[in-house]
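Colleague: Attaching a predicted model along with its sequence, questions to come.
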Amino acid sequence: MMQKLSPFVHLYEPISSVKGQHTDLEAPKLILVASWMDAQDLHISKYITKYQSIYPTSKILLVKFVLRESIFASSTRKVVDPALVYLRSLINSGVLSLSPPRPEILVHIFSNGGSATTRTLYQLFRDQTGCAFPLHVAVYDSCPGLYSFSSVYSVFMVNFSAFLTRLIAAPFITAIVAWFWIWYRPFKMLSGEDFLSANQRVHNDMNLVKQTNRSYVYGKADIMVDWRHVERHADQAAAKGLAVRREVFERSPHVSHMRTDGDRYWKIVNETWKKGTTRQ
């Protein structure tokens, strides 16, 4: 059962952790899950339940990305703030270290929504503490992407499943996506950086993001995030000296790689964590 810290932030604390009993030194002290845009609780719970199974002593902090609440940067900060308050309380109490010799946190990021959530968390942490987010290991599932007409169109159209509603919605969605392109391309001097470009930039800013290693899990059948955008981001991270692992799922759609091959998926997660916490 997860404790509700806010409408968009939930916390799971294992009984052993609450009572101060022995914890597994090889497990993450905290698992931060940043879910994809408007993810349903039923789908998120499959990841939470699995984490509870493989890392039973780990705290799990879930931060949801809900489009209507996160459409502006200021509202995203309000959504993320309860998670930041909790994280800082763990550091202040000594449960987590601000500068650990090895990672104590596993960050699991889903899609562009989760990328925006964690990007905001990284930026706010630096603003409030003057320090980078503590050293951690990260898994990027189906992200981060960049703007393209087809991918953004697909994101909006996913909410319309029936043929007739898709037919009616299509011209309106086309107009919205075209407006985005005009606002963030020809009028970029006025609009500033779009949030997808900001995601890509911040997640490869080594002054903000301190990671030992990261894994990208992505698919060539994904119509919402272009796999080539993910690989471009991975290349940039590797060029900056970060240990990068690429795992391509040929046939699974957006954030469906676990459902396609769960054994392979969780093997990647577990090996990613072990690589970051094993002394070389």
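Modeller: Noted; the coordinates are in hand. Numbers count the residues shown, from 1 in each chain.
Colleague: Am I right that residue 213 falls within a strand?
Modeller: Yes. Secondary structure of residue 213 (DSSP: H, G, I helix; E, B strand; the rest coil): part of a strand.
Colleague: The nearest residue to residue 260 once chain neighbours are set aside - how many residues pack around it?
Modeller: Nearest non-adjacent residue to residue 260, counting by Cβ to Cβ, 6 or more residues apart in numbering: residue 252, 3.6 Å away. For every residue, glycine as well, the C-beta is placed using N, CA and C. Counted with other Cβ atoms under 10 Å, residues neighbouring residue 252 total 21.
Colleague: Name the SS class of residue 252, please.
Modeller: Under three-state DSSP, residue 252 comes out as coil.
Colleague: dump the residue contacts of it.
Modeller: With contact set as Cβ atoms under 8 Å, 6 or more residues apart in numbering, residue 252 has these partners: 219, 221, 222, 259, 260, 261.
Colleague: how near is the fourth one to residue 146?
Modeller: Read it as residue 259. Separation of residue 259 from residue 146 (Cβ to Cβ, to the nearest Å) stands at 25 Å.
Colleague: Among the contacts of residue 252, the buried ones, what's the ChimeraX command?
Modeller: Buried subset of the contacts of residue 252, written as a ChimeraX selection, criterion 16 or more other Cβ atoms under 10 Å:
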select :219,222
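Colleague: So which of the contacts of residue 252 are in strands?
Modeller: residue 219 (DSSP state E).
Colleague: Max pairwise distance over the contacts of residue 252: which two?
Modeller: 222 and 261 (14.7 Å; Cβ to Cβ).
Colleague: Quick one: neighbours of residue 241, just the number.
Modeller: Quick note: residue 241 (other Cβ under 10 Å) scores 8 neighbours.
Colleague: Downstream of the helix or strand where residue 234 lies, the next helix or strand is which one?
Modeller: For residue 234, the host element (DSSP states H and E) is helix 227-239. Remark: after helix 227-239, the chain's next helix or strand is strand 243-249, criterion DSSP H and E.
Colleague: Flag the shaky bits of the stretch 1-150 of the chain, pLDDT-wise.
Modeller: 16-25, 69-74, 148-150 (pLDDT under 70).
Colleague: What segments of it are strands?
Modeller: 3-6, 9-12, 30-37, 59-65, 105-110, 133-141 (DSSP state E, counting those that start in this stretch).
Colleague: and the ones you listed as a markdown table, adding distance to residue 210 and mean neighbour count?
Modeller: Below are these laid out as a markdown table (distance: least, Cβ to Cβ, whole Å; neighbours: other Cβ atoms under 10 Å):
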| stretch | distance to residue 210 | mean neighbour count |
| --- | --- | --- |
| strand 3-6 | 24 | 13 |
| strand 9-12 | 22 | 20 |
| strand 30-37 | 14 | 24 |
| strand 59-65 | 18 | 24 |
| strand 105-110 | 10 | 26 |
| strand 133-141 | 5 | 23 |
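Colleague: Tabulate the ones you listed (JSON lines), appending distance to residue 126.
Modeller: Below are those laid out as JSON lines (distance: least, Cβ to Cβ, whole Å):
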{"stretch": "strand 3-6", "distance to residue 126": "22"}
{"stretch": "strand 9-12", "distance to residue 126": "20"}
{"stretch": "strand 30-37", "distance to residue 126": "16"}
{"stretch": "strand 59-65", "distance to residue 126": "17"}
{"stretch": "strand 105-110", "distance to residue 126": "15"}
{"stretch": "strand 133-141", "distance to residue 126": "7"}
